[in-house]
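Visitor: Return a 3D structure for these sequence lines:
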Amino acid sequence: SQTDRISNIIKHLSSFFRRDEKHLVPCDINTSVEMAFELVGKQIADHGVIGHKDLQKNLPQVMASPTGLEEIIVNLLVNALQALDTVDGIDKTITVRTYFAENVILEVSDNGPGIDPSLKKKIFETFVSTKPQSENLGLGLAIVNNIVHSYFGTIQVSSNERAGATFTVSLPVVQNVEEEAGNENVAD
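Guide: Next up is the predicted model:
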């Protein structure tokens with residue numbers, strides 16, 4: 001049964017790392033935020049965490065897969081929730097913010113313990129985790145990083161021990177993605 005379990009995990013991982021993102025469509029990131037909160041909002045509340053949304057209206061669309069965008073947001077929300085589960089004595093909050101600044105920006109912040117500076121440079125690598133090995137495979141942020149890059153975007157993390165961590169995803173608007181994809185085809 002352990003061999004079957006390992007085989008299923010490997011198949012599942014392969015599907016993430018070999019995802020076919022050629023079928024990207026214009027997406028509204030705020031809709032994806034709302035859908036992600038529908039999936040994990042109850043879990044956030046059940047852990048005594050307050051979820052805030054600060055979503056700029058009428059954002060330009062981004063080229064993505066709607067489920068891929070939700071996957072990014074859900075992974076970042078769960079990551080923040082798990083970080084907050086390690087602290088006591090504070091009003092625990094997760095804030096999701098969207099806005100436009102040349103690109104569409106998604107920020108997921110928590111007021112948890114932050115990220116150890118020694119991990120910040122490799123936090124998006126496969127099998128890197130801040131949690132005990134028995135609790136986590138260290139795949140969530142690697143998957144997020146892979147998806148974000150497949151959408152021609154970037155992801156960064158900033159951290160402060162007293163102010164938690166903020167993950168910032170920057171995604172180009174629809175027109176800019178089409179131009180970048182065209183430039184890649186010319187280079188081939």
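Visitor: So what's the gap between stretch 27-41 and the chain middle?
Guide: 12 Å (C-alpha atoms, centre = their mean, to the nearest Å).
Visitor: Convert that stretch to PDB, retaining C-alpha atoms only.
Guide: Coordinates of each C-alpha in stretch 27-41 appear next as PDB, following Å, rounded to 0.1, in the frame of the first residue of the first chain:
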ATOM      1  CA  CYS A  27      -9.200  36.000 -16.000                       C
ATOM      2  CA  ASP A  28     -10.300  38.400 -13.200                       C
ATOM      3  CA  ILE A  29      -8.000  37.800 -10.300                       C
ATOM      4  CA  ASN A  30     -10.600  39.100  -7.800                       C
ATOM      5  CA  THR A  31     -13.000  36.400  -8.900                       C
ATOM      6  CA  SER A  32     -10.300  33.900  -8.200                       C
ATOM      7  CA  VAL A  33      -9.700  35.400  -4.700                       C
ATOM      8  CA  GLU A  34     -13.500  35.100  -4.000                       C
ATOM      9  CA  MET A  35     -13.500  31.500  -5.100                       C
ATOM     10  CA  ALA A  36     -10.400  30.600  -3.000                       C
ATOM     11  CA  PHE A  37     -12.100  32.100   0.000                       C
ATOM     12  CA  GLU A  38     -15.100  30.000  -0.700                       C
ATOM     13  CA  LEU A  39     -12.900  26.900  -0.600                       C
ATOM     14  CA  VAL A  40     -10.800  27.700   2.600                       C
ATOM     15  CA  GLY A  41     -12.700  30.600   4.300                       C
END
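Visitor: which residues in this protein form helices?
Guide: Using DSSP state H, the helices of the chain run over 2-17, 29-46, 66-84, 117-120, 140-150, 174-187.
Visitor: The third one: which residues count as buried?
Guide: Buried positions in helix 66-84, judged by neighbour count with 16 or more other C-beta atoms under 10 Å: 66, 68-84. No exception for glycine: its C-beta is placed from N, CA and C like everyone else's.
Visitor: Over to the fifth one?
Guide: Residues of helix 140-150 classed as buried by neighbour count (16+ other C-beta under 10 Å): Gly140, Leu141, Ala142, Ile143, Val144, Asn145, Asn146, Ile147, Val148, Ser150.
Visitor: Using JSON lines, lay out those residues together with distance to Pro26 and pLDDT.
Guide: Supplementary listing: the buried residues of helix 140-150 in JSON lines, determined by distance: C-beta to C-beta, whole Å; pLDDT from 0 to 100:
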{"residue": "Gly140", "distance to Pro26": "26", "pLDDT": "69"}
{"residue": "Leu141", "distance to Pro26": "26", "pLDDT": "83"}
{"residue": "Ala142", "distance to Pro26": "26", "pLDDT": "81"}
{"residue": "Ile143", "distance to Pro26": "23", "pLDDT": "84"}
{"residue": "Val144", "distance to Pro26": "21", "pLDDT": "88"}
{"residue": "Asn145", "distance to Pro26": "23", "pLDDT": "89"}
{"residue": "Asn146", "distance to Pro26": "21", "pLDDT": "88"}
{"residue": "Ile147", "distance to Pro26": "17", "pLDDT": "90"}
{"residue": "Val148", "distance to Pro26": "17", "pLDDT": "92"}
{"residue": "Ser150", "distance to Pro26": "16", "pLDDT": "90"}
